[in-house]
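Chemist: for reference, the sequence and a predicted model appear below.
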Amino acid sequence: MNHATPPSEAAPSNALARLIGVRPGEGPALAWSWAYIFSILAAYYVLRPIRDQMGVAGGIENLPWLFTATLVGMLALNLPFAWLVKRMPRARFVPLTYRFFGANILLFALALYLAPPDWDVWIGRVFFVWLSIFNLFVVSIFWATIVDVFSTSQGKRLFGFIAAGATLGAIAGSATTALLAKTVPTWGLMLGAVALLECAVFSMRGLARLSERLRQAPSGGPEQGTGQVIGGSVLAGVTRTFASPYLLNISLFLLLFSVTSTYLYFQQAAIAKASFPDRAAQTAFFAGVDLAVNVLTLGVQFFLTGRIVRRIGVGLTLAILPALSILGFGLLALAPSIAAIVGFQVLRRAGNFAISRPIREVLFTVVPREDRYKAKSFIDTVVYRLGDQAGAWSYAGLGALGFGAAAASVVAVPLSAAWLVNSLWLGRAQERRHRAARAAEAPGYADGI
């Protein structure tokens, strides 16, 4: 007997299927994933130019101390988050985490509205640290959820397309701030970010309703435990990371990316302070750079990311960004200029968002479920900010020794070369784990629909 195909299981449009290889049953999950990450990134990019302007206003010489405070904050928040993961199912700990951050934003908005002007610098410093914690936590939780829902094969096809939802959110957020920064008070922009976080919670719940049906194990049943409490140890994120060569190498990948990104960020911050003495103009400049990055990123995500990883594999795809960094820092070491720094920043950040970040998440599809939340959170937050620390203080140390930005670029070249080798190793290790999981028909490592 023939049965009508339910709307949720209908075949995707031919255009979408050709563009990214989406298969029947995956469309609704993609739509919820898009809405989820769009809301998060729109909220963050409404706030990011405000953070950058506040960091500049507080003094570039103080940025290393702000990065240190951020690392301490990351360490402080990882344990309570791990406790939530241990005690609650995903449907509870994810909304609680987002609403905690939303309440924080409301407190900042209230402080800016009520505090006297001479408090702005200190509020700005606290906000700089807080947002640097916020963005890594909320995005890491999103990708942990996505990795928990989609399989390795689905990730190679779909993660780049899902990341395009992040880019659209980033474009919307940065464009909003660029247009309104000179007319809408900062606290007003913050209220909009709170509303967007609530939209993210709603979208996450829509995705959760589809997750059991989306990922099916080889036996035909749903992946075991996706709706259950993960359990385990509160310290598992740390202990399991250091016990696994695979997770340690993912940590090294992120550490090297973070160090080199910090070098470039400091150079951009110095340029902004020298070129735009007006605070509103600085905010608009940072938002404009963000907008350029995200427009470029969107085109790559729509048309290239999935095709690249299917053509050359995970390892070579991950190696694209460190290869670009070798060339970019080499150019800055030889001929530094404002145009070169901004151009390299745009290309590098677009390469990260469009290619490196979504494919890096594929690495976590071949680890146990506990590691997807606990170890991944530790790596995405603490390890990332540890890289910030290494970058910030080594950059400051070079300055204290009388070396300029060109010296930082020289140091970044061999770091990027080591990062490239690490990328190739990770690609091979991920493929070995994927083949082993498929051979064993392990629940949670299915090829997808």
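Modeler: Sure, I can see it.
Chemist: contact partners for R435?
Modeler: Residues near R435 by C-beta atoms under 8 Å, 6 or more residues apart in numbering: none. All C-beta spots, glycine's among them, are computed from the backbone N, C-alpha and C.
Chemist: make it 10 Å
Modeler: For R435, the contact set (C-beta atoms under 10 Å, 6 or more residues apart in numbering) comprises V366.
Chemist: distance of it from V314?
Modeler: Going from R435 to V314 by C-beta to C-beta, to the nearest Å gives 12 Å.
Chemist: also R438?
Modeler: For R438 relative to V314 (C-beta to C-beta), the value is 15 Å.
Chemist: pick out whichever of those two has more residues nearby.
Modeler: When R438 and V314 are compared for neighbours, V314 comes out ahead with 24 against 17, by other C-beta atoms under 10 Å.
Chemist: ignoring the adjacent residues along the chain, who's closest to the more buried one?
Modeler: Excluding its sequence neighbours, the residue lying closest to V314 (C-beta to C-beta, 6 or more residues apart in numbering) is G427, at 4.3 Å.
Chemist: what is the neighbour count of the one you found?
Modeler: Neighbours of G427 (other C-beta under 10 Å): 22.
Chemist: quick check: which element contains it?
Modeler: Element membership for G427, per DSSP states H and E: helix 405-440.
Chemist: contacting residues around the residue nearest to V314?
Modeler: V309, I312, G313, V314, G315, L316, T317, L318, A319, I359, V362, L363.
Chemist: against A144, how distant is the nearest residue to the fifth one once chain neighbours are set aside?
Modeler: When you say that, I think you mean G315. Among residues not flanking G315 along the chain, G427 sits closest, at 1.7 Å (C-beta to C-beta, 6+ apart). Note on G427: its distance to A144, by C-beta to C-beta, is 21 Å.
Chemist: what's the answer for A281, then?
Modeler: Separation of A281 from A144 (C-beta to C-beta): 38 Å.
Chemist: which one's more surrounded, the two?
Modeler: Neighbour count, other C-beta under 10 Å: between A281 and A144, A144 has more, with 24 against 15.
Chemist: correct me, but that one touches T365?
Modeler: No - at 11.0 Å, A144 does not count as touching T365 under the criterion of C-beta atoms under 10 Å.
Chemist: need the residues touching each of these two.
Modeler: R372.
Chemist: please enumerate the helices of the stretch 1-150 of the chain.
Modeler: 14-20, 27-57, 63-87, 90-114, 120-149 (DSSP state H, counting those that start in this stretch).
Chemist: please tell me how far F276 sits from T177.
Modeler: With C-beta to C-beta as the criterion, F276 and T177 are 15 Å apart.
Chemist: same drill for the two, tell me which one is more crowded.
Modeler: Using other C-beta under 10 Å, the more surrounded residue of F276 and T177 is T177, with 28 against 17.
Chemist: low-confidence ranges in the stretch 101-250 of the chain?
Modeler: 120, 212-227 (pLDDT under 70).
Chemist: rerun that using 50 as the cut-off
Modeler: For the stretch 101-250 of the chain, applying pLDDT under 50 flags the ranges 216-225.
Chemist: next, A335: phi, psi?
Modeler: Dihedral pair for A335: phi -140, psi 70, per degrees, to the nearest 10.
Chemist: need the contact list for it.
Modeler: A406.
Chemist: check what pLDDT it gets.
Modeler: Confidence at A335, expressed as pLDDT, is 80.
Chemist: ok, now how distant is it from T260?
Modeler: From A335 to T260 the distance is 18 Å (C-beta to C-beta).
Chemist: same check, this time on N294
Modeler: Distance from N294 to T260, by C-beta to C-beta: 20 Å.
Chemist: check I50 too.
Modeler: 25 Å.
Chemist: kindly report the same for Q268.
Modeler: In terms of C-beta to C-beta, Q268 sits 13 Å off from T260.
Chemist: and those two? Which one has more around it.
Modeler: Neighbours were counted for Q268 and for T260 using other C-beta under 10 Å; T260 has more, 27 against 18.
Chemist: just give the nearest non-adjacent residue to that one, would you?
Modeler: Looking at T260 with C-beta to C-beta, 6+ apart, the closest residue is A412, at 4.9 Å.
Chemist: and L254, what does it touch?
Modeler: L254 is in contact with R360, I379, D380, T381, V383, Y384, L386, G387, W419, N422, counting by C-beta under 10 Å, 6+ apart.
Chemist: ok, now which ones touch the fourth one?
Modeler: Think T381. 70-71, 73-75, 77-78, 81, 132-133, 135-137, 139-140, 237, 254.
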